[in-house]
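Engineer: compute the structure for the input listed below.
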Amino acid sequence: MEAQAPQVKPEIERLYEVFAAPRPAVVEFCDHCVDAADIAPFTTVPLRELSAEQVEKYWLKSGTVGDEAFVRYLLPRVLELIAAGELDVDFFWLRMATGTHERGDERKKRAIEEYFEATPRALAALVEEELRNGKGVDERLAEWLRRPEPLAVLEEAALTGPDPDGALSSAHLVLEAHLWSK
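Structural biologist: Okay, the predicted model is just below:
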């Protein structure tokens, strides 16, 4: 019997569709700071096949690799790896998503919002980073966080799924307090 490939969530497919861009032929980088071998996969490996390890190398040297177009190209894979639990949701990846959301057109903004609605752990990290830590989100994302969907996503995830570190419950409380403060 042949093994079937894992099913990709529709929200992830939408990210790949909305942010579709050809694989870069060249990725600019500082050759004093970065080994060319660490950059090679970005120009030779299909986006959906980049491993978490390869993407992590970008994170480690992000200030010296690529440009804004490269960030938009890489974003669907980053968010897919986060959803799969292969990358941690940290401030850097969140900044990639929120920065792209802020500068994106309506389709891109909605695709990112749909991703957060479908990925409670990422949504919880967004709420913690942006609301609790006071980083501030762009006006559209702040407006979206005030809608009932994000709160419902966190509430359901906290009540029905594993939450060993309490991140989902904590983010739910932070978002709820944010809604009442407006």
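Engineer: what residues sit buried inside the longest helix along the chain?
Structural biologist: The residue-count maximum for a helix in the chain (DSSP state H) belongs to helix 68-83. By neighbour count with 16 or more other C-beta atoms under 10 Å, helix 68-83 contains the buried residues 70-83. The C-beta positions use only the backbone N, C-alpha and C, and glycine is treated the same way.
Engineer: which residues in the protein form helices?
Structural biologist: 10-18, 36-44, 52-60, 68-83, 91-103, 106-118, 120-127, 139-145, 148-160, 167-180.
Engineer: ok, back up a step: and of the buried residues of helix 68-83, the nearest to Glu156?
Structural biologist: Ala83 (16.5 Å; C-beta to C-beta).
Engineer: got a pLDDT number for that closest one?
Structural biologist: If you check Ala83, the pLDDT there is 94.
Engineer: might you report the residue contacts of the residue nearest to Tyr115 when sequence neighbours are not counted?
Structural biologist: Of all residues not flanking Tyr115 in the chain, Glu11 sits nearest, at 5.0 Å (C-beta to C-beta, 6 or more residues apart in numbering). Contact partners of Glu11, counting by C-beta atoms under 8 Å, 6 or more residues apart in numbering, are Ala111, Glu114, Tyr115, Glu117, Ala118, Thr119.
Engineer: show me the shaky parts of the chain.
Structural biologist: Where the chain drops to pLDDT under 70, the residues are 1-8, 60-64, 132-137, 182.
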